[in-house]
Each structure stands twice: as structure tokens, then as C-alpha cells.
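**Q** Sequence plus the predicted model coming up.
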Amino acid sequence: MPLGNDALKLEGTEMEALNVGFIGLGNMGAPMAANLAKAGCVVRGFDTAGTSAEGVQMVASATEAATGADVVLTMLPNGAILRSVAAEILPAMKPGALLLDCSTVDVESARDVAAQAEASKLLFVDAPVSGGIGGAAGGTLTFMAGGTTAAFTKARPLFDIMGQKAVHCGDAGAGQAAKICNNMILGATMIATCEAFALADKLGLDRQKMFDVVSTSSGYSWTMNAYCPAPGVGPQSPADNDYTPGFAAELMLKDLGLSQQAAEAVDADTPMGALAHALYAKFVEDEDGMGKDFSAMLPRFSARGRTS
Ligand code: NAD
């Protein structure tokens, strides 16, 4: 695609000249950085925990990773850390470079960092991902992106390396908005699917029959059809592996917290999202949900009555 002077040349020898700074090489960041290196990018990485990734030259600070880079990619735990890393690296980035944040953070942090980047004559895209650790390793993530068209265009070749799909959702913050709305639906739907299975059990309905009916009826959903929370029923899912994540309950709790934070900020009424947040908070913080897949809500409901 002819993209003019903004194009990141990822073919032939020019591809090897692409400099990427990668900050935050954790469970997601490390395989994403390794895929960029494998595709021919020169990747300099930094992580406060001293982690590393294949093909990535580790450096001593975030500033060192960002200096001279065409694109600086961040994959960090939350908005506060993103803000502090951005404050450190924005002054060190070269004019016209792109800060590409793939972390899941609050919409406000994404928009504030975008404004700071713009003031420094830099490009910014918020591009949280879905696809989890498997998608990061396999280069099959989906990116939900927010930012200007020029910034999105500049990020596109990196999306193509690390993922299978990138949707330009709108201006800065729109990627985070899409992510938290999707995961609010996901969390509430998983709870609905699990409580329905638990009710079906108590009504003496066979789980396979329940799946056969619901997965082809109006109650169907991604949680039922593609990620069934009942072991031995439907496609392979974390339920078939003793609820080993997958997508951990505490990560769902984080995303539901972000959607409630956003809903409060814009006065949106989200009662189902609020209830899903409260239930996952109880599951993770007061019960045994920490470290389990978010579909482990099913054994939780199965073990309870209406008042327990
Ligand atoms: P992680 O905790 O494994 O990785 C985060 C990394 O950031 C850690 O290695 C940590 O040491 C590093 N870090 C923290 N502060 C830093 C700083 N100031 N400078 C440099 N490095 C710093 O988390 P993860 O699972 O890789 O997730 C990263 C982001 O992706 C999160 O925002 C998460 O919500 C999101 N996400 C995760 C998944 C998943 O399945 N794990 C799926 C989708 C989105």
C-alpha cells in the first residue's frame, strides 16, 4: 500500500532498518517483541523486572529503548505506569516517531498520553489486544486501535506482524473504549452462561443437551459456543484443563473495573457490568478465583444455593 513518507518500510533491506523500542516484556510483551525481531525489526527492549525476549537487545532504561526508535511499543500493567513511562520517554523520542501502547488501560490515561505525544510532535495509537498469550506467541492478536489516520497507518505494518486483524475504532482512546465494552459483554455473558448451567444441573438437565440446545438457539454466545465453561462439553476450553487460564479471572476483574471507571466518568448506566464487576471481585478477592480461568464461575455457582 503506498503510504507516502509516513510508511514504515518492512520489505527488503529497509525492513531491517526499522528500529523499535519495546517497553514491558511480560507474558504478552515478550512474545510480541520476539515476533517483531523475527520479522526483521531491530528491537531494543526494557523491562523493570529484567525479563528478555528472543532476538531483542535488552537495554538499561526505557529512555535508552526509546531513543532513536521509529516506533516505541509499550505493553504495561496499567494506566498509571503507562503515564509515568510516557513522561520519561516522550522527550527522548525522535520527531514524528510513533508511541504505540498495546496495554489495556483506562480511557483517560490513553487520551492524556495522546495529548502529550501530540504536543511533542509525536504520533500516538492506543491499541489494546485480544487473543491472549497464545495470540501473542502465534502472531494472531486482534488490535483495537484509536488515534489519527496517520498514526494508525504508521502502526499498521507492526499490527500485520503481531496480529491477524486491526480495527481503527476512532480517535485516541477509542481502542480502549472498544476493548472495555467488549470485555464488559464477555464478563456478564460468562456469568449468565455459568449460572444457567448451574440451574440446568439442579433441574436435572444433562449438560450436553443444554449445550446442544442453547448453542443453536437464541441463548447462544461466544462463551457458550466457543469457550464452553462446562468440562467435556462443546469445543476444547480451559474447563477441560481444570480451569487453568486461558483468560484469568483477575484479568477479567481488571477489565470490568476499567469499564466501571469509564462508565462513572461519562455517567453511563451499566447495571449488568457493575454486577459482573462485583461478582468477579468477590470471586478473586474473597474466594478461590485468583489464578483460575474466568469460566471457573461455573463450579463456583454449582457449589452454591440462593443464599450461600
Ligand atoms: P505482565 O505483568 O506479564 O507484563 C507487564 C510487564 O511490564 C512486566 O514484565 C513488568 O515487569 C513490566 N513493567 C512494569 N512496570 C514497568 C516499567 N515502569 N517499565 C518497564 N517495564 C515495566 O502482563 P501481561 O499479561 O503481559 O499484560 C500486559 C498488558 O496486556 C496488560 O495491560 C494486560 O491487561 C493486557 N492484556 C493481557 C492479556 C493476557 O492474556 N495476559 C490479554 C489481553 C491484554
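**A** Sure thing, it's come through.

**Q** use CA for all of it now, contacts and neighbours both
**A** Fine.

**Q** how about the longest helix along the chain, does it reach the ligand?
**A** For the chain, the helix reaching the highest residue count under DSSP state H is reported as helix 174-202. No: contact between helix 174-202 and the ligand is absent, the nearest approach being 9.1 Å (criterion: Cα under 6 Å from any ligand atom).

**Q** One more: stretch 151-165?
**A** No: contact of stretch 151-165 with the ligand is not found when judged by Cα under 6 Å from any ligand atom; the minimum separation is 12.5 Å.

**Q** And for residue 135, the neighbour number?
**A** 19 (other Cα atoms under 10 Å).

**Q** Surely it touches residue 163?
**A** Yes: taking Cα atoms under 8 Å as the definition, residue 135 is a contact partner of residue 163 at 7.5 Å.

**Q** Please enumerate the shared neighbours of those two.
**A** residue 141 (Cα atoms under 8 Å, 6 or more residues apart in numbering).

**Q** Quick one: name whatever helix or strand follows the longest helix of the chain.
**A** Per DSSP states H and E, the first helix or strand lying C-terminal to helix 174-202 is helix 207-214.

**Q** that older thread, quick check, distance from the longest helix of the chain to the centre of its chain.
**A** Using Cα atoms, centre = their mean, to the nearest Å, we find the averaged C-alpha position of helix 174-202 to lie 16 Å away from the chain's own average C-alpha position.

**Q** Can you mark which positions in it are buried?
**A** Neighbour-count burial for helix 174-202, counted by 16 or more other Cα atoms under 10 Å, picks out 174-181, 183-184, 186-195, 197-198, 200.

**Q** quick one: secondary structure of residue 100?
**A** Secondary structure for residue 100, judged by DSSP: H, G, I helix; E, B strand; the rest coil, is strand.

**Q** Who does it form a beta bridge with?
**A** Under the criterion DSSP bridges, residue 100 forms beta bridges with residue 73, residue 125.

**Q** mind checking pLDDT for it?
**A** Per-residue confidence at residue 100 stands at 98 (pLDDT).

**Q** Just want the most central residue of the chain.
**A** Nearest residue to the geometric centre of the chain (Cα atoms, centre = their mean): residue 129, 3.6 Å.

**Q** for that residue, what are its contacts?
**A** Under the criterion of Cα under 8 Å, 6+ apart, the contact list for residue 129 reads 102-104, 141-144, 179.

**Q** same thing but 7 Å
**A** Shown here is residue 129, whose contacts under the criterion Cα atoms under 7 Å, 6 or more residues apart in numbering are 102, 141-144.

**Q** try residue 306
**A** Residue 306 is in contact with no residue at all, counting by Cα under 7 Å, 6+ apart.

**Q** secondary structure element for residue 272?
**A** For residue 272, the element it lies in under DSSP H and E is helix 271-281.

**Q** helices and strands around that helix, which ones?
**A** The elements that helix 271-281 packs onto, with contact taken as 3 or more Cα pairs under 7 Å, 6 or more residues apart in numbering; DSSP states H and E, are helix 174-202, helix 249-265.

**Q** Around the nearest residue to residue 187 once chain neighbours are set aside, how many other residues sit close by?
**A** Excluding the flanking residues, the one nearest residue 187 by Cα to Cα, 6 or more residues apart in numbering is residue 276, at 6.2 Å. A total of 24 residues lie near residue 276 under the criterion other Cα under 10 Å.

**Q** what about residue 243, which SS state?
**A** Per three-state DSSP, the secondary structure class of residue 243 is coil.

**Q** The ligand contacts on the chain?
**A** Taking Cα under 6 Å from any ligand atom as the criterion, the contact residues of the chain with the ligand come out as 23-29, 46-49, 75-78, 81, 85, 103-104, 129-130, 132-133, 247.

**Q** hang on, the earlier thing: got the buried residues for the helix holding residue 272?
**A** Neighbour-count burial for helix 271-281, counted by 16+ other Cα under 10 Å, picks out 273-274, 276-277, 279-281.

**Q** Please apply the same query to stretch 259-275.
**A** Applying a neighbour-count criterion of 16+ other Cα under 10 Å, the buried positions in stretch 259-275 are 259-260, 262-263, 273-274.

**Q** which among those residues gets closest to residue 109?
**A** When the buried residues of stretch 259-275 are compared for distance to residue 109 (Cα to Cα), residue 262 comes out closest, at 11.0 Å.

**Q** circling back: nearest to residue 237, of the helices and strands packed on helix 271-281?
**A** Taking Cα to Cα as the measure, these were each checked against residue 237, and helix 174-202 came out nearest at 13.1 Å.
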